[in-house]
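Novice: structure, please.
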Amino acid sequence: MKLTDVRCRNARSRDIPYKLADGQGLYLYVAANGSRLWRMDCAFDGKRKTLSLGCTGGPCASG
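Specialist: Numbering: from 1, shown residues only. Here you go, the predicted model:
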């Protein structure tokens, strides 16, 4: 199921981080501190890699 703008905005922090999948490796990573980060899993040279694409609204993790 594709993510909607409303579902992304309503993503709230939990005790442990979780992912909201959008499809083809793209997902919204919701951290325990409430930050929401766009990430994408892909394969490079036969190994899984995770690309960080940036944060969305609200507090963003720094460092």
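Novice: walking through this protein, point out its strands one by one.
Specialist: Secondary structure of the chain (DSSP state E): strands located at 18-23, 26-30, 36-44, 47-55.
Novice: quick one: buried residues of the worst-scoring helix or strand of the chain on mean pLDDT?
Specialist: Using mean pLDDT, DSSP states H and E, helix 5-9 stands out as the lowest-scoring helix or strand of the chain, at a mean of 90. By 16 or more other Cβ atoms under 10 Å, the buried positions in helix 5-9 come out as residue 8. Backbone N, C-alpha and C define where each C-beta goes, glycine included.
Novice: touching that helix from outside, list them.
Specialist: Residues outside helix 5-9 that contact it (Cβ atoms under 8 Å, 6 or more residues apart in numbering) are 20, 28, 36, 56, 57.
Novice: could these go into CSV alongside distance to residue 14 and pLDDT?
Specialist: CSV is the format used below for the contacts of helix 5-9 (distance: Cβ to Cβ, whole Å; pLDDT from 0 to 100):
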residue, distance to residue 14, pLDDT
20, 12, 95
28, 13, 95
36, 12, 92
56, 17, 79
57, 17, 68
